[in-house]
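Enquirer: how would this look folded up:
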Amino acid sequence: MQGPSRKILQAVLYESIAITVLSPSIVLIYGNGLAHAGALSVMLSASALLWNVLYNSMFEWWEARQPQRARTLGRRLLHSLGFEGGLVVLLVPLVAGWLGISWWAALVTDMGLFVFFFFYSLAFQWGFDRVFDLPESAKEGASVNP
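Expert: Have a look, this model is predicted:
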């Protein structure tokens, strides 16, 4: 599977699993109701979904132009750090406002989410690539689109 359909499926699966894990976790940590936590999870995931599609498009554009195109552990770590680091910057204001906490507390919350999702992202993308094959950008000898 390649192209936009791959990117959309990857992003939707990733975020669906994230909502399922994130909502009960917010309830346990902040004591909010499941509806309140679920709404925040959906907003976080919708934001992350848009970021996911944009970030993966940029990453694959960059990756396709590298002399060595294999998805090594180092490249997977770079991918996860960039994706999750970008989310921290994007989501601190949303978390602070929705939970009624300071930006510092929201940053600490986001850093906790970063740690969890860093490993989740790494494992998910590896599994996704195993099930759906690598994108053309990560295949040695594949043509690079201008």
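Enquirer: which elements pack onto the helix or strand bottoming out on mean pLDDT in the chain?
Expert: Least confident helix or strand of the chain, by mean pLDDT, DSSP states H and E, is helix 3-30 with a mean of 82. Applying 3 or more Cβ pairs under 8 Å, 6 or more residues apart in numbering; DSSP states H and E, one finds that helix 3-30 makes contact with helix 34-64, helix 103-132. C-beta here means a position set from N, CA and C on the backbone, and glycine is covered the same way.
Enquirer: could you list the low-pLDDT ranges of the chain?
Expert: 1, 3, 135-146 (pLDDT under 70).
Enquirer: switch to 50 and redo it
Expert: When residues are selected by pLDDT under 50, those of the chain lie in 146.
Enquirer: re earlier: could you export the helices and strands packed on helix 3-30 as JSON lines, including mean neighbour count and distance to P24?
Expert: Below are those laid out as JSON lines (neighbours: other Cβ atoms under 10 Å; distance: least, Cβ to Cβ, whole Å):
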{"stretch": "helix 34-64", "mean neighbour count": "17", "distance to P24": "7"}
{"stretch": "helix 103-132", "mean neighbour count": "15", "distance to P24": "13"}
